[in-house]
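# pasted the sequence and its predicted model underneath.
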Amino acid sequence: GLLGFPLGDEANSTGVFNLGLYDQRLALNWIKENIASFGGDPEKVTIIGESAGGASMFFHLSAYGGRDDHLFRGVLSESGYWATTPIEANTTAIQNTAWSAFLNATSCLSGDTQAHFDCLRSLPSEQVKTAINSTDVAKGNWNPTVDGDIVQKDLQRSFLDGDFVKSANLLVMANLDEGISFGPKSINTTDDLRQALAGNGIGSIPKAEARSQSAQDAVLQAYPEGEDAYPPYHAGDGLLMSGKMDRRSAGIFGDLVMLGPKRAVAQALSANQTGGAQVYNARFEQVPYPGFIISGTPHFIEVPYVFK
């Protein structure tokens, strides 16, 4: 969110990118230094996160170019994804617009950049929270970005290049029907799917490239029509009432957003682990009771089971 990951030109010039990751890193260092006083073992720390937290697990594995600070022995990432927000002209323009909307919503739009931050830091947390939840501010897509320090390159590129901690045990997990949560709805034709791919991007492929006919053709060929082959997988044949091709959309975007990154991280780490570290790849597919099978096992549904 915006508090942890402010973006745009003002955040860049002020040096406040990735505050959330630095806070998490500070907490991990505190645990390393102090957990023994609470009966814990600083050599047996396991970190866990879900969704944005799952992506944070990937960021800590690749932090500082994959430097191993021995802060954790095990990592559990649930529904992690490639969360790096690129610094591009069109992306920064969107962030700047959302940032201005945030400043306006907090009445901190007057003055220069320093005045903006001074004003924001003086506000009560509830006022900041209300502003963050406004529609125009939510368009900012506030995620980690490359800062040359804790995030030295795009998250996916870090794993492709082998820039990650290789001594930690890893369990990566995603839910069977993640695409129910991430596939655009009201998709009734192949042209609707093409528009969705162009508007949302194809995984980590920039939107400009995702608009190309060849990129879209490749995706659509890999995901042919046939509603019984897509989420929710337990439901069998049939359409979703929201759109004739919504199940196909769910299959495509579930793989692009969640299942693809999970598999890529597992493959990268399993090929490079040292010291006997193990990599496990898990899938959660229990439809909750009482629940509707048409809803499947979407994003987040496993969390109560993990912590119960």
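Structure received.
# CA only for contacts and neighbour counts going forward, please
Will do.
# who are the packing partners of the helix or strand containing G49?
Using DSSP states H and E, G49 sits within strand 46-50. Applying 3 or more Cα pairs under 8 Å, 6 or more residues apart in numbering; DSSP states H and E, we find strand 46-50 packed against helix 52-66, strand 74-78.
# quick one: closest of the ones you listed to D112.
Distance to D112, taken as Cα to Cα, is lowest for helix 52-66 among the helices and strands packed on strand 46-50, at 31.6 Å.
# returning to what we had before: tell me which strands the strand holding G49 pairs with, and in which orientation.
With DSSP bridges as the test, strand 46-50 is paired with strand 74-78 (parallel).
# against F5, how distant is the closest residue to C119 other than its chain neighbours?
Take C119 and drop its neighbours on the chain: the residue closest to it by Cα to Cα, 6 or more residues apart in numbering is C108, 5.7 Å away. Distance, C108 to F5, using Cα to Cα, to the nearest Å: 18 Å.
# Q267 too?
Taking Cα to Cα, one finds Q267 at 28 Å from F5.
# low-confidence ranges in the stretch 151-300 of the chain?
Residues of the stretch 151-300 of the chain meeting the criterion pLDDT under 70: 200-210, 227.
# and the helices in the stretch 101-250 of the chain?
Here the stretch 101-250 of the chain has its helices, by DSSP state H, counting those that start in this stretch, at 113-121, 125-132, 135-138, 155-160, 179-182, 190-200, 207-210, 213-222, 246-254.
# figure out which of those helices is closest to A235.
The stretch from the helices of the stretch 101-250 of the chain with the least distance to A235 (Cα to Cα) is helix 246-254; that distance is 10.7 Å.
# got the angle between that closest one and helix 213-222?
Calculated by axes from the mean of the first three to the mean of the last three Cα atoms, to 10 degrees, helix 246-254 forms an angle of 120 degrees with helix 213-222.
# mind exporting stretch 141-155 as PDB, just the C-alpha atoms?
Coordinates of each C-alpha in stretch 141-155 appear next as PDB, following Å, rounded to 0.1, in the frame of the first residue of the first chain:
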ATOM      1  CA  ASN A 141      -0.800   0.300  -7.600                       C
ATOM      2  CA  TRP A 142       1.600   0.900  -4.700                       C
ATOM      3  CA  ASN A 143       4.200  -1.900  -4.800                       C
ATOM      4  CA  PRO A 144       8.000  -2.200  -4.400                       C
ATOM      5  CA  THR A 145      10.100  -0.700  -7.100                       C
ATOM      6  CA  VAL A 146      13.800  -0.800  -8.100                       C
ATOM      7  CA  ASP A 147      15.800   1.500  -5.900                       C
ATOM      8  CA  GLY A 148      19.300   0.200  -6.500                       C
ATOM      9  CA  ASP A 149      19.600  -0.900  -2.800                       C
ATOM     10  CA  ILE A 150      17.200  -3.400  -1.200                       C
ATOM     11  CA  VAL A 151      15.600  -3.900  -4.600                       C
ATOM     12  CA  GLN A 152      18.400  -3.900  -7.100                       C
ATOM     13  CA  LYS A 153      16.500  -5.100 -10.200                       C
ATOM     14  CA  ASP A 154      13.100  -6.400 -11.300                       C
ATOM     15  CA  LEU A 155      12.000  -9.200  -9.000                       C
END
